[in-house]
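Visitor: Turn this into a model:
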Amino acid sequence: MKLTCLSASGGSYYSPASHLLELEGFRFLLDCPIDLSALAVFAPVPLAGDAGGLIRAVPRYWLPAAAKAGGVDAVIVSSATGMLGLPFLTGLPGFANTKVYVTEVAARIGKLMMEELVEMHYEFVRYYGPDTDVSPKWMEGKEFNELMSMLQKAVIEDKENDSACLVPLYSLGNIEECMHKVQPVKYGEEVCFNGIFMLKASSSGLELGNSTWEIKGPRASITYLPSSVFVSAHALDFDYSSLKENDVILFSDFSSLNDMDEDNEKLNEHSMDETDSSLCHYSVLRDDGADADEKVPFVCNNDDITEEIERISFICSCIFDAVKSGGSVLIPIGRLGVILLLLELISEMLHSSSMKVPIFVISETAEEIFAFTNALPEWLCKSRQEKLFAGEALFGHVELLKEGKLFLFPHLHSKGLLAAWKEPCIVLCPHWSLRLGPAVHLLRRWHADKRCLLVVEQGNDAELSLKPFMPLAIQVLECSFLSGIRVGKIDPLLRMLKPKFVLLPEGLKSRCPIQEVPWSFFYYSKGKTIELPNLREEFEVHLATDVAFRLQPRQLNETTAVARLRTKLLVSNGRFQLASAEKQSDQSKRHLLHCSTIDPGRLLSALQEKGMVCSFAADDSSTASECSVLITSPGDALVKITSDRTVIYCDNERTCNQIYDALSSVCKGI
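Guide: Got it, this is the predicted structure:
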């Protein structure tokens, strides 16, 4: 088994890590996100005034690292954002027969996100003219090198200085071609790949449709564990129980690196006092011999989601203050779960006040996404499912739409938007990069108003993102949202799952305090390939029922029975199986196979009964481990018996056959 980390997310929800897994001669691509960091060097359009040295041209995008890795047999996708880079690979020869496995919900949302990205990109094309495959002037020699040097620390610190890696965005046709390769699955549904591997998706808890994956082969079982959260306020909770006791865990949750310092400080504060109740959350310090299942309450509590709700409540209070002062609020966040929770809390805020503030969601996919969220209760957390049985709306935006407080429009120039528009207002729209979509135009409108508020997510370089809109008077609130497992919960999670090998990001090697454990750790980093030792040299083989009924076992001793069979080896549903051979041999004509220790005395008697003149050889040492029988009639022959073999020395075929028959009579044959 080999693993290569193609790209590291650095903790970004919008760009998860991507890996290449080589197993049993097959190559699996684990997630293929799109890297939008290059967008930061392009000036949004239309942009008045100085672009601050940014490029005024149709943007280019980083080609996924998987394109250089060669072809793959299958792509396993853990989230909607994990498939946004796939259309770049659609036309490459190595991906012609590739299958893509992703949950139904993630596939639906991912397709909408790709289509919306293409639509927003077309604004550049309409402004600057059609993009071509020919490299534009800004990508030539000195200018390109100067640009890379100037922005290297900000957005492309781990990129090669290679203009060939910057390519035009894919088209709607590429998206359709990509989706033809997709095989959507449900949670818990097992699918067989190529007869050898069984693949199964389980909920990761982070977002609707996000998943962890189980890859089971004849000689290894692997857990692909991307960003996950134990308890969710909207999506189905993390189903860790289905991942127990797999051989290998690939931990790909880079978001744990983001809270490392904070969590380590808390760990150090309590390192000398294990009686402190706060240690229940950081159970990595508890080694009281408790069964792994007893650690479940320590990790599956509601503390993370409680903090998330408190964080979003604080954002809502800032929104309330801005609106109260007469300012509008712009929220270019692309996380569906955060948007749904924001709308619910904003709704509560408006109900508790006398303010009438319109809420606009301006997105080409808004109407379809919101309708979709009310049609998938089986993908939601238990509290949301209970609302369904109680006859209530699954999410708060349903009531907002009914009350006429929430408006959905695909574009800023949509019919009816001007009539409904009223400021101050709250607007949720794409794009988090502040280079594409409605966010660019609305930020240009409000950037000089100190009463207004811009809510952005941490992860992008804020200074660079806001550079085209300077001077800036608008208030900017940078937020971070729950994006994965906290570092303090990694160790207890692994103790519950009980793997043999764990693959962790290199960044966790020296900073994550993990006690002595019965599994081995391997640490990976971007661009490097690590190889795991063979997990199992032997593997189970299942016997087909019809073959089993034809067996005629012979008892060798009290504990062992043997039988002879003719079969063919098949691989089906990830298991090796012995099935009936197409042609069965005639058992009456086949040679017997013998397995027993020869008794020289019994052999001598059997030979004499067949009329043969024989005796023990005169030079025989008469030891228990070696004996020779000399035959003088009807032909000369010698039978040499040792502890591990019996050899017949004879030139006469007839005599040889008689000796063989005598041997068969004193041996157990099958």
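
Visitor: Helix, strand, or coil at Asp661?
Guide: helix (DSSP: H, G, I helix; E, B strand; the rest coil).

Visitor: distance of it from Leu434?
Guide: Using C-beta to C-beta, to the nearest Å, Asp661 is found at 92 Å from Leu434. Every C-beta, even on glycine, is put in place using the N, C-alpha and C of the backbone.

Visitor: Show me which of these two is the more surrounded one.
Guide: Leu434 (24 against 12; other C-beta atoms under 10 Å).

Visitor: distance of the more buried one from Ser232?
Guide: 28 Å.

Visitor: And Trp446, by the same measure?
Guide: Applying C-beta to C-beta to Trp446 and Ser232 gives a distance of 33 Å.

Visitor: ditto for Leu243
Guide: 17 Å.

Visitor: Those two - which one has more neighbours?
Guide: A side-by-side neighbour count of Leu243 and Ser232, using other C-beta under 10 Å, places Ser232 first with 27 against 24.

Visitor: That one: which element?
Guide: Using DSSP states H and E, Ser232 sits in no helix or strand.

Visitor: can you tell me how far it sits from Leu208?
Guide: 9 Å.

Visitor: what's the overlap in contacts for the two?
Guide: Residues touching both Ser232 and Leu208 (C-beta atoms under 8 Å, 6 or more residues apart in numbering): Gly337.

Visitor: Okay, now the unreliable bits of the stretch 401-550 of the chain?
Guide: Low-confidence segments of the stretch 401-550 of the chain (pLDDT under 70): 460, 510-515, 536-539.

Visitor: Contact partners for Ile425?
Guide: Wrong residue type there; residue 425 is Cys, not Ile. Counting by C-beta under 8 Å, 6+ apart, Cys425 has contacts Ser328, Val329, Val357, Pro358, Ile359, Phe360.

Visitor: repeat that with 7 Å
Guide: Cys425 is in contact with Ser328, Val357, Pro358, Phe360, counting by C-beta atoms under 7 Å, 6 or more residues apart in numbering.

Visitor: now, which of those lie within strands?
Guide: Residues from the contacts of Cys425 lying in strands, with DSSP state E as the criterion: Phe360.

Visitor: Nearest to Leu20 among the contacts of Cys425?
Guide: Distances from Leu20 to the contacts of Cys425, taken as C-beta to C-beta, are shortest for Phe360 (42.2 Å).

Visitor: and the gap between that closest one and Ile426?
Guide: Phe360 is 7 Å from Ile426, where distance means C-beta to C-beta.

Visitor: what does Ala419 give?
Guide: On the measure of C-beta to C-beta, Ala419 and Ile426 end up 18 Å apart.

Visitor: Settle it for me: which of the two has more neighbours?
Guide: Of the pair Ala419 and Ile426, Ile426 is the one with more neighbours under other C-beta under 10 Å, namely 26 against 7.

Visitor: For beta bridges, what are the partners of that one?
Guide: With DSSP bridges as the criterion, Ile426 is bridged to Val329, Ile359.

Visitor: so it sits right up against Gly327, yeah?
Guide: No. Counting by C-beta atoms under 7 Å, Gly327 is not a contact partner of Ile426; they are 10.3 Å apart.

Visitor: between these two, what contacts are shared?
Guide: The contact lists of Ile426 and Gly327 share no entry, where a contact means C-beta under 7 Å, 6+ apart.

Visitor: on that earlier part again, scan the contacts of Cys425 and report the most crowded one.
Guide: Result: Ser328 is most packed of the contacts of Cys425 (other C-beta under 10 Å), 25 neighbours.

Visitor: Excluding chain neighbours, what is closest to that residue?
Guide: Using C-beta to C-beta, 6 or more residues apart in numbering and skipping the chain neighbours, the partner closest in space to Ser328 is Pro424 (4.6 Å).

Visitor: So what's the residue count around the one you found?
Guide: With other C-beta under 10 Å as criterion, Pro424 counts 20.

Visitor: doesn't it fall inside a helix?
Guide: No. Read with three-state DSSP, Pro424 is coil and lies in no helix.

Visitor: ok, it - contacts?
Guide: Taking C-beta under 7 Å, 6+ apart, one finds Val323, Gly326, Gly327, Ser328, Val357 in contact with Pro424.

Visitor: try 10 Å this time
Guide: 322-329, 355, 357-358, 446, 449, 451-453 (C-beta atoms under 10 Å, 6 or more residues apart in numbering).

Visitor: Restricted to buried residues, select those in ChimeraX.
Guide: Buried subset of the contacts of Pro424, written as a ChimeraX selection, criterion 16 or more other C-beta atoms under 10 Å:
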select :322,323,327,328,329,357,358,446,449,451,452,453
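
Visitor: Which members of the contacts of Pro424 are positioned in helices?
Guide: Using DSSP state H, the subset of the contacts of Pro424 located in helices is Ala322, Val323, Lys324, Trp446.

Visitor: Same list (those residues) but as TSV, adding distance to Glu540.
Guide: As requested, those are exported to TSV (distance: C-beta to C-beta, whole Å):
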residue	distance to Glu540
Ala322	63
Val323	64
Lys324	68
Trp446	65
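
Visitor: Thanks a lot, see you next time.
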